[in-house]
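*Asks:* Give me coordinates for this.
(2 chains)
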Protein chains: 2
Amino acid sequence: MGEFELIRRHFVRPTRHTELGVGDDAALLRPRPGMELAISTDMLVSGTHFLPDVEPESLGWKALAVNVSDLAAMGAEPRWALLAASLPEADEAWVASFAQGFFACAEAFGVDVIGGDTTRGPLNLAPTILGEVPRGQALRRSGAHPGDEIWVSGAPGLAALGLAHLQGRTVLKQSSACIAALTRPQPRVALGLALRGIASAAIDVSDGLFADLGHILEESGCGAEIEDAALPWAPVLAATDDPELARTCLVAGGDDYELAFTAPPGKQADILALAQHLSLPLTRIGRIVPVGALKLLDDLGAQMAFGCTGYDHFG
Amino acid sequence: MGEFELIRRHFVRPTRHTELGVGDDAALLRPRPGMELAISTDMLVSGTHFLPDVEPESLGWKALAVNVSDLAAMGAEPRWALLAASLPEADEAWVASFAQGFFACAEAFGVDVIGGDTTRGPLNLAPTILGEVPRGQALRRSGAHPGDEIWVSGAPGLAALGLAHLQGRTVLKQSSACIAALTRPQPRVALGLALRGIASAAIDVSDGLFADLGHILEESGCGAEIEDAALPWAPVLAATDDPELARTCLVAGGDDYELAFTAPPGKQADILALAQHLSLPLTRIGRIVPVGALKLLDDLGAQMAFGCTGYDHFG
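*Replies:* Residues are numbered from 1 along each chain as shown, chains lettered A, B, ... in the order given. The predicted structure follows:
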């Protein structure tokens, strides 16, 4: 089967809100009135972002989910996606399984798959996602102000702990939640949309909680104080017999795709109501201060040391 | 130097018509009123689409130019681009030179570079381009009708001949025009914009003239008759001492990024005026017929055989 037939069979599915999808030189779409477009692209490389023997359906889900997460962090509604991919061979079973995961994520988040490119080469996936956000309402990294409180959704670290388990760096008695966080991340789209008008800044936790908070601080020109006692420890992290690893997963593990955000103190009640409405823990972990880097404080307010803060692909 | 600093230094430049560019979870843009968005993504792999030792500035130009060409083929005005890239190492001189070529193309075509992703891995480039076209006026592959005439811009085959020269499959006395066509293709944006309201269908010649015309026929549900004597032979192709190679370059060589398009016979005068206005040869090479595949006809109207018709990455 040729390239075009392989693509057509697995990647051309009906669209719901698109003028022209796969099959022409470009796709055509019409943003709704009053909307800005948010757009992001990622590149996932075999051996760097996923293991070469990863289950293709999970990889398909995750390849799109990490992009959907970027829109969640902007408060944008995911609407369209494209996928450029290079594959070492035309293995139809692999492509079919990958497409099943990719489209499962697309359908879960209302995304039309409208175009892409397929070629031969080392396994590499480059999805592009587009979404809509009412003009001027996007959540930017640059909006944090001194006095704002710092929040994080869920319990970061599960995916990093799952990876450590798969790599034999620790042995979990109960690994399924961690493996699921790693292989089938759930981007926080509903949270991102609900945070419009509430959050002053937001980012998705892909590089690690402290590293990603660092991006907010840099763009906003502020510092931060994080209360160590306030960090949300997932029970499975608290229960591990390697507390140092667990701590690193919590503050520096990426790949959970939780949202970290800031909001004025007056929004606390709104945020707690939102947590209840979404059945998603939202935890206040610190506050924005005028200057300085990210500081971690113990119960007495004294500064604590912490190790690695994130992942720099060329660091 | 870390990844973020490397990107910042070379890929963050001022934008001219963008709400929010590089540096957040997603970029933000506002299409102009009455406009549809056209969007396309490509993937260029070292060893498949370019030679590993390619000059990085040329590669930068070409990586964006092939995407700009997709918009030209839709009659869309290029406006924004993103670039996902994986690089084997953080070689700053290489990145600087690549960025120079990429931004030279962006500036030549009025494109704001608004986002992307950089990671480590085998050399791979996945640009995404966005442009605008007035609603309903895009040039689609599906619009050709029986009786329409088939046109092509320029003289296809130069880039393929240049590649044959570089690979030692032929020796050109005058190679500079062919090398330039290969390394610094000029997407036909002005032509694509001018063909709105004139062309019934259009495509850019990236896979080869006959293969790409085949895509129009397939999407339009038509056949075509090409007059062999009407094919535009570039002087350098006509002068080569390997006429078979030259012919293959002309009908099956991709990478020139000329436009092939169809138009009703009544538009002939408009098209010839356009050729003069743009100083770009536009050649009528055949016509659309109701059914059948692409046929090549000799002077007497008899069908001729022709060999390879294009490039299928998994064929």
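
*Asks:* show me where chain A has helices.
*Replies:* Secondary structure of chain A (DSSP state H): helices located at A:3-11, A:56-74, A:92-108, A:158-166, A:176-183, A:189-194, A:209-220, A:235-238, A:243-252, A:268-278.

*Asks:* Could I get the pLDDT score of A:R120?
*Replies:* Each residue has a pLDDT score; the one for A:R120 is 86.

*Asks:* domains of chain A?
*Replies:* Residue ranges for the structural domains of chain A, counted by automatic domain parsing, are given in the record as A:3-134, A:141-304.

*Asks:* tell me the most buried of the helices of chain A?
*Replies:* Highest mean neighbour count of the helices of chain A: helix A:56-74, a mean of 26 (counted as mean count of other C-beta atoms under 10 Å in any protein chain shown). Quick note: C-beta positions are derived from backbone N, CA and C, even for glycine.

*Asks:* mind listing what the residue lying closest to A:M35 once chain neighbours are set aside touches?
*Replies:* Once flanking residues are discounted, A:M35 sits nearest to A:E132: 4.0 Å by C-beta to C-beta, 6 or more residues apart in numbering or on different chains. Taking C-beta atoms under 8 Å, 6 or more residues apart in numbering or on different chains as the contact definition, A:E132 lies against A:31-32, A:35-38, A:76-77, A:79.

*Asks:* buried subset of these?
*Replies:* Under a neighbour-count criterion of 16 or more other C-beta atoms under 10 Å in any protein chain shown, the subset of these counted as buried comprises A:31, A:35-38, A:76-77, A:79.

*Asks:* Return the closest of the residues you listed with respect to B:S58.
*Replies:* Minimum separation from B:S58 among these (C-beta to C-beta) is found for A:L37, which lies at 31.1 Å.

*Asks:* ok, that closest one - contacts?
*Replies:* For A:L37, the contacting residues are A:31, A:130-132, B:28-31, B:37, taking C-beta under 8 Å, 6+ apart as the criterion.

*Asks:* Tell me the spacing between it and B:L28.
*Replies:* Plainly put, A:L37 is 7 Å away from B:L28 if you go by C-beta to C-beta, to the nearest Å.

*Asks:* Chain B contacts on the stretch 101-250 of chain A?
*Replies:* Taking C-beta under 8 Å from any C-beta of the partner chain, the part of the stretch 101-250 of chain A that reaches chain B is made up of A:114-122, A:124, A:126, A:128-131, A:133, A:135, A:138, A:140-142, A:202-204, A:219.

*Asks:* Please repeat the previous calculation with a cut-off of 7 Å.
*Replies:* Applying C-beta under 7 Å from any C-beta of the partner chain, we find that the stretch 101-250 of chain A lies next to chain B at A:115-122, A:124, A:126, A:128, A:135, A:138, A:140-141, A:203-204, A:219.

*Asks:* From those, keep the buried residues only.
*Replies:* Buried positions within these, assessed by neighbour count (16+ other C-beta under 10 Å), are A:115-122, A:124, A:126, A:128, A:138, A:140-141, A:203-204, A:219.

*Asks:* So which helix or strand of chain A has the lowest pLDDT on average?
*Replies:* helix A:3-11 (a mean of 74; mean pLDDT, DSSP states H and E).

*Asks:* Let me know the closest of the contacts of A:E132 to A:V171.
*Replies:* When those are compared for distance to A:V171 (C-beta to C-beta), A:A76 wins out at 39.8 Å.

*Asks:* residues contacting the closest one?
*Replies:* By C-beta atoms under 7 Å, 6 or more residues apart in numbering or on different chains, the contact list for A:A76 reads A:38, A:131-133, A:138, B:26.

*Asks:* can you count the residues close to A:D298?
*Replies:* 11 (other C-beta atoms under 10 Å in any protein chain shown).

*Asks:* Relative to A:G75, how far out is it?
*Replies:* From A:D298 to A:G75 the distance is 34 Å (C-beta to C-beta).

*Asks:* Any idea how many residues pack against A:T48?
*Replies:* Counted with other C-beta under 10 Å, the neighbours of A:T48 add up to 14.

*Asks:* need the contact list for A:L125.
*Replies:* Contacts for A:L125 were tallied using C-beta under 7 Å, 6+ apart; they are A:44, A:63, A:83, A:85.

*Asks:* From those residues, which land in strands?
*Replies:* Helix and strand membership here follows DSSP state E; of those, those in strands are A:44, A:83, A:85.

*Asks:* Save those residues as JSON lines, and put in neighbour count too.
*Replies:* Listed next are these as JSON lines, based on neighbours: other C-beta atoms under 10 Å in any protein chain shown:
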{"residue": "A:L44", "neighbour count": "23"}
{"residue": "A:L83", "neighbour count": "29"}
{"residue": "A:A85", "neighbour count": "24"}
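
*Asks:* closest to chain B among these?
*Replies:* Each of these was checked against chain B using C-beta to the nearest C-beta; the closest is A:A85, at 6.8 Å.

*Asks:* so that closest one touches A:T118, yeah?
*Replies:* Yes. Look at A:A85 against A:T118 with C-beta atoms under 7 Å: they come within range, at 5.4 Å.

*Asks:* quick one: low-confidence parts of chain A?
*Replies:* A:1-4, A:307-315 (pLDDT under 70).

*Asks:* if I look at the spatially most central residue of it, how far off is B:D25?
*Replies:* The centre of chain A sits closest to A:Y257, judged by C-alpha atoms, centre = their mean, with a distance of 3.2 Å. Using C-beta to C-beta, one gets 11 Å for the distance from A:Y257 to B:D25.
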